[in-house]
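Trainee: Fold the following for me, if possible:
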Amino acid sequence: MVSKDQRRRQLAREKYERQQQRRSAAQRKAKRRNVIIASVAAVALAAGAVVYVSAGLAGGSDQEDRAAAPTPSKAPDPCERPAKGSPSKKTWAKEPAMSLDTSASYSAKLATTCGTIGLKLDAGKAPHTVNSFAFLAGQGYFDHSKCHRLMDEGIFILQCGDPKGTGTGTPGYTIPDENLKDPRLKGGVYPAGTVAMANRYDGASEKTRDSGGSQFFLVYQDSKLPPNYTPFGTVTGGMDVLRKIAKAGSTTDPQTRNSAPNATVVIDKASVKKS
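Mentor: Next comes the predicted model:
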């Protein structure tokens, strides 16, 4: 004979299991939607605009998503506390004047709370992009800024470069798309180690081309993306840092669909050096 107390515990356990199943299903649904956003509409890499997506892409409604949204369950944060300082609020009216030596080699270092990431910059192939990146680094624009987006399903990128930490920040100017026919992008794949610019290209209107700003992304695993994002460098050190960040996972905002890394990824200092 099952007592009333045992029956209550059994019902409570079954209710808890149903809640966990709904939460897991909602989390999978959100991740699937992010993949669709990234690979079809390309808005997951949009820079300088809040991302809102039609529910028709993956089925269901926003109201249902919010009702079933999982309570975030984060892995332990593998990163250190950020250095003291505040994100930049600087903006400029136009693209900085070209001061780059396109025949020289340039490298960059991102000293982050999760470890140092080294980059080799392609000044000859993407002069406007590298010139802008070097200018912003010299102005301290990237310092104390969060890397605000982590995609870990379908495409595998960490996106940084927005002092607002929301994906809506810009330096006030835009730069042209460059190097989109780089042979490294063959087969519609951005290979692991690629450094590329985010932009507001919507995949339909040519008026949204040449809309890069300050936001860039680091590819930590081969990612199938249309060649719409300027590749301007490669990761030369710190792939283990990117994998550590990816392993900690991400949490998706049910309204903006932005997948923020669970790790506290902050660029304490960004620098560019000519060699």
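
Trainee: following the lowest-mean-pLDDT helix or strand in the chain, which helix or strand comes up?
Mentor: For the chain, using mean pLDDT, DSSP states H and E, the weakest element among its helices and strands is helix 62-68, scoring a mean of 40. Of the helices and strands lying after helix 62-68 in sequence (DSSP states H and E), the nearest is strand 106-112.

Trainee: where are the low-confidence patches of the stretch 51-200 of the chain?
Mentor: Along the stretch 51-200 of the chain, segments meeting pLDDT under 70 span 51-74.

Trainee: ok, 90 please
Mentor: 51-76, 153-154, 186 (pLDDT under 90).

Trainee: does Ala246 count as helix, strand or coil?
Mentor: helix (DSSP: H, G, I helix; E, B strand; the rest coil).

Trainee: what residues are up against it?
Mentor: Ala246 makes contact with Leu150, Asp152, Phe156, Leu158, Tyr220, Gln221, according to C-beta atoms under 8 Å, 6 or more residues apart in numbering. Every residue, glycine included, has its C-beta placed from N, CA and C.

Trainee: do that again at 7 Å, thanks
Mentor: Contacts for Ala246 (C-beta atoms under 7 Å, 6 or more residues apart in numbering) come out as Leu150, Asp152, Phe156, Tyr220.

Trainee: Same list (those) but as CSV, adding neighbour count and distance to Lys207.
Mentor: Shown next, in CSV, are those (neighbours: other C-beta atoms under 10 Å; distance: C-beta to C-beta, whole Å):
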residue, neighbour count, distance to Lys207
Leu150, 26, 29
Asp152, 20, 32
Phe156, 21, 30
Tyr220, 25, 32
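
Trainee: out of those residues, who's nearest Ser214?
Mentor: Of all the contacts of Ala246, Ser214 sits closest to Leu150, with 18.0 Å by C-beta to C-beta.

Trainee: That closest one and Ser250 touch, don't they?
Mentor: Yes - contact criterion C-beta atoms under 7 Å: Leu150 and Ser250 qualify, at 4.3 Å.

Trainee: between those two, what contacts are shared?
Mentor: With C-beta under 7 Å, 6+ apart as the test, Leu150 and Ser250 both reach Ser259, Ala260, Pro261.

Trainee: I'd like those residues laid out as CSV, including neighbour count, distance to Lys146 and secondary structure.
Mentor: Listed next are these as CSV, based on neighbours: other C-beta atoms under 10 Å; distance: C-beta to C-beta, whole Å; DSSP: H, G, I helix; E, B strand; the rest coil:
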residue, neighbour count, distance to Lys146, secondary structure
Ser259, 24, 13, strand
Ala260, 20, 8, strand
Pro261, 25, 9, strand
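
Trainee: Out of those, flag the one nearest to Gly238.
Mentor: The nearest member of the shared contacts of Leu150 and Ser250 to Gly238, counting by C-beta to C-beta, is Pro261 at 14.9 Å.

Trainee: Name the nearest residue to the spatially most central residue of the chain, sequence neighbours excluded.
Mentor: Nearest residue to the geometric centre of the chain (C-alpha atoms, centre = their mean): Gln159, 2.5 Å. Excluding the flanking residues, the one nearest Gln159 by C-beta to C-beta, 6 or more residues apart in numbering is Arg149, at 3.8 Å.

Trainee: related to what we said a few turns ago, reformat the shared contacts of Leu150 and Ser250 as TSV; add distance to Asp210 and pLDDT.
Mentor: Shown next, in TSV, are these (distance: C-beta to C-beta, whole Å; pLDDT from 0 to 100):
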residue	distance to Asp210	pLDDT
Ser259	26	93
Ala260	28	95
Pro261	28	97
